[in-house]
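> based on what follows, work out the 3D shape:
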Amino acid sequence: MSGSPLRDRSTGFALLTILLWASLAALTSRVTSVSSLVLVGLVLFFCGAGALPFWRQWRASPKTWLVTITALLCYHLLLFMSFRHAPVLEANLINYLWPLFIILFTPLLLPGHPLQGRHLLAGLLGLAGSVLVMVDGELQLQSAHLPGYLLALGAAIIWGGYSVLSRRLPPAPAVVTAAACLPAGLLALLLARGLEGPLPLATIPSGDWGLIMGLALGPMGAAFVTWYLALRDGDPRRIGALAYLTPLLSTLLLVWLNGETLTLRHVLAGSLILGGALLGLKTGSAKLKPSVPKAAANG
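The predicted structure is shown next:
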């Protein structure tokens, strides 16, 4: 690793985010008293409420607000729904194709970073890993879980694309990312009210409330800010590859807390996806210039 303070800082924020996100699937899968839409709305709402004390720093362009709110709402809705329509361990592995999409999208969406052979090979390895997750031992698609797999894949594409495109948005203080959770959460709750009827707030067990608050504070709260700070100054390809520590930690946590079964198929799939990401880590000597002016760097 380079001794550059800029890279050290962005790497530190990325590692902190990884530790927080490792608990996302395990915590989310244990909340069963509400629908995916209500869960997304509540967690995002409380996450955004935590940014209210810093409202004076909510300075961002309409474009930044719109893209961030849309990405946060759509990504988490698809992800939480995938946990209800497929085995959590398998949906989680597919979701963690998003660091690979960061590596692949960076040459396509950021000028000056051409697509190279290693990026294509990384994509093929990741694709092979995701296919292995979706099939059984006889290489037959588990059609019963196909909706969940596709939802997880859609979530991965959205978060990978947003993570890269966020560098092209007008600069904004980091707290704006957390603040955007508030309107996203309110929108999700309004949709739930219109599509599913009255919100079942009174029937949510105290244990689920604790999990919801934990999600809002950690993997869907502080993690949004640290991820923004990591991507603001770091190379998205390098950070995307580093983010593959997350599925390893997340999978082990699922096995430990939820009693998920870890099979050889999962190990092989995870190894292929991780191998693709590590290959994408070798991005060459080209460096990205920070996307945020120094005047905005203290946001």
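> got any ranges where the protein has weak pLDDT?
1-7, 115, 119, 133-141, 237, 240-241, 244, 277, 280-299 (pLDDT under 70).
> and the longest helix that it contains, what does it pack onto?
Longest helix in the chain, counting residues (DSSP state H): helix 62-85. In terms of contacts (3 or more Cβ pairs under 8 Å, 6 or more residues apart in numbering; DSSP states H and E), helix 62-85 is packed against helix 24-28, helix 36-49, helix 88-95, helix 146-165, helix 175-179, helix 181-196. (C-beta placed from N, C-alpha, C; glycine too.)
> how far is it from where the chain is centred?
Mean C-alpha position of helix 62-85 versus that of the full chain (Cα atoms, centre = their mean, to the nearest Å) differs by 10 Å.
> please apply the same query to stretch 106-116.
Centroid displacement of stretch 106-116 relative to its chain, using Cα atoms, centre = their mean, is 21 Å.
> okay, how far is it across that stretch, tip to tip?
11 Å (Cα to Cα, to the nearest Å).
> buried residues in that stretch, which are they?
Of all the residues in stretch 106-116, those buried under the rule 16 or more other Cβ atoms under 10 Å are 106-107, 110, 113.
> what's the closest non-adjacent residue to residue 222?
residue 20 (6.3 Å; Cβ to Cβ, 6 or more residues apart in numbering).
> which residues touch residue 92?
Residues in contact with residue 92 (Cβ atoms under 8 Å, 6 or more residues apart in numbering) are 25, 83, 152, 247, 250-251, 254.
> 10 Å - rerun?
Counting by Cβ atoms under 10 Å, 6 or more residues apart in numbering, residue 92 makes contact with 24-26, 28-29, 79, 82-83, 86, 133, 152, 246-247, 250-251, 253-254, 260, 266.
> how close does the closest residue to residue 200 other than its chain neighbours sit to residue 246?
Of all residues beyond its chain neighbours, the one nearest residue 200 is residue 34 (6.1 Å), with distances taken as Cβ to Cβ, 6+ apart. Distance of residue 34 to residue 246, computed by Cβ to Cβ, to the nearest Å: 25 Å.
> quick one, helices of the stretch 151-299 of the chain?
Along the stretch 151-299 of the chain, counting by DSSP state H, counting those that start in this stretch, helices occupy 175-179, 181-196, 206-217, 223-233, 236-242, 245-258, 264-281.
> now those helices in a markdown table, with distance to residue 56 and mean neighbour count?
Listed next are the helices of the stretch 151-299 of the chain as a markdown table, based on distance: least, Cβ to Cβ, whole Å; neighbours: other Cβ atoms under 10 Å:
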| stretch | distance to residue 56 | mean neighbour count |
| --- | --- | --- |
| helix 175-179 | 10 | 26 |
| helix 181-196 | 15 | 18 |
| helix 206-217 | 22 | 17 |
| helix 223-233 | 16 | 23 |
| helix 236-242 | 29 | 26 |
| helix 245-258 | 33 | 18 |
| helix 264-281 | 38 | 20 |
